[in-house]
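Q: Sequence first, predicted coordinates after that:
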Amino acid sequence: MTKLSVNINKIATLRNARGGNIPNVLNAAIHCQMFGADGITVHPRPDERHIRYRDVLEIRPIIKTELNIEGNPSDSFINLVLSVKPHQVTLVPDQHNAITSNAGWDTRTNRDFLTNVVSIFRKEGIRTSLFVDTEPVNIENAVLTGTDRIELYTEPYASGFNTNAVEAVKPFVMAAILARDAGLGINAGHDLNLDNLNYFHKNIPWLLEVSIGHALIADALYLGLENSIQMYKRQLAD
């Protein structure tokens, strides 16, 4: 069964908007686990506009499922990951001023750099994943970095889903087959929601993990956190 990792960045964004510690990010991580999440994802950025480095340090001891840390591998990010030792690190080429991640790696151009970073984490027993689009060249070069997995950047699928779901998912299926045949594990994330998740999963049933934050936390405002997590998990069970 495909695992659901809940990204709790948006909870930290809400906290930071007011200051103080409401909502409590640590308690949110605990409750997401309690409510059935298979993992917790955090994506600290240099300006700490949502998840802070301190949050990551506090969350790590209480994660009993899996902790996935996403981010651009700057020196400070690498040092954080090495100190925390999460179950998985997902390398994302987001710019410092980006509102959210909006592109995958050009793994051909950055192959030497990524190979070096992946080797640092793998020596410490940390599973690695590279955030990539569906271009075959980027998957082929991801293999050469030594990464364990890729995470498919699914915004193009989500954007095209309501217009033509068959065409929207097609490049992702082809990319997932290429990655699987090359020995890579496959994760996915970005703009997946209750409307489009099940169709994506049915077309790529060997998907290992999805990371979902914005849509799930938005749904939780209306449906409750526990109910939302269970609703998303049901989309991955069919």
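A: Ah, there it is. Numbering: from 1, shown residues only.

Q: For stretch 80-88, list every residue counted as buried.
A: Neighbour-count burial for stretch 80-88 flags L80, V81, V84, P86, H87, Q88 (criterion: 16 or more other C-beta atoms under 10 Å). (C-beta placed from N, C-alpha, C; glycine too.)

Q: Just give the closest residue to the fifth one, not the sequence neighbours.
A: Spatial nearest neighbour of H87, chain neighbours left out: E66 (4.3 Å); criterion: C-beta to C-beta, 6 or more residues apart in numbering.

Q: Can you add pLDDT and give the buried residues of stretch 80-88 back as JSON lines?
A: Below are those laid out as JSON lines (pLDDT from 0 to 100):
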{"residue": "L80", "pLDDT": "97"}
{"residue": "V81", "pLDDT": "97"}
{"residue": "V84", "pLDDT": "96"}
{"residue": "P86", "pLDDT": "97"}
{"residue": "H87", "pLDDT": "97"}
{"residue": "Q88", "pLDDT": "98"}
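
Q: tell me the contacts of the residue nearest to the spatial centre of the chain?
A: For the chain, the residue nearest the mean C-alpha position is S211 (4.1 Å; C-alpha atoms, centre = their mean). By C-beta atoms under 8 Å, 6 or more residues apart in numbering, S211 lies in contact with S5, V6, N7, G39, T41, N68, E70, T90, E151, N187, A188, G189.

Q: which among the residues you listed gets closest to R18?
A: Distance to R18 across the contacts of S211 (C-beta to C-beta) is lowest for N7, with 20.4 Å.

Q: The closest one contacts V210, correct?
A: No - look at N7 against V210 with C-beta atoms under 8 Å: they stay out of range, at 10.1 Å.

Q: Give me the common contacts of these two.
A: In terms of C-beta under 8 Å, 6+ apart, N7 and V210 are both contacted by the residues G189.

Q: chain center to the helix or strand encompassing N116: distance?
A: According to DSSP states H and E, N116 maps onto helix 111-123. Centroid separation between helix 111-123 and its chain, computed with C-alpha atoms, centre = their mean, to the nearest Å, is 19 Å.

Q: Next, the contact list for K202, please.
A: Neighbours of K202 in contact, by C-beta under 8 Å, 6+ apart: D238.

Q: which SS class is it?
A: Under the three-state scheme (DSSP: H, G, I helix; E, B strand; the rest coil), the conformation of K202 reads as helix.

Q: So which residues of the protein form helices?
A: 9-18, 25-34, 53-59, 75-84, 111-123, 136-145, 155-161, 165-181, 197-203, 214-223, 225-235 (DSSP state H).

Q: could these go into TSV alongside distance to W105?
A: Output for these, formatted as TSV (distance: least, C-beta to C-beta, whole Å):
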stretch	distance to W105
helix 9-18	20
helix 25-34	27
helix 53-59	22
helix 75-84	15
helix 111-123	7
helix 136-145	6
helix 155-161	15
helix 165-181	13
helix 197-203	21
helix 214-223	21
helix 225-235	26
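
Q: nearest to A103, of these?
A: It's helix 155-161; of the helices of the chain, that one is closest to A103 (C-beta to C-beta) at 9.1 Å.

Q: Check what pLDDT T100 gets.
A: On pLDDT, T100 comes in at 54.

Q: meant to ask about K3
A: Note on K3: pLDDT of 98.

Q: Number of residues surrounding it?
A: Other residues lying near K3 total 18 when counted by other C-beta atoms under 10 Å.

Q: which residues touch the nearest residue in space to it that is not next to it in sequence?
A: Residue nearest to K3 in three dimensions, not counting chain neighbours: D38, with 3.7 Å by C-beta to C-beta, 6+ apart. D38 makes contact with K3, L4, S5, T65, E66, E209 under the criterion C-beta under 8 Å, 6+ apart.
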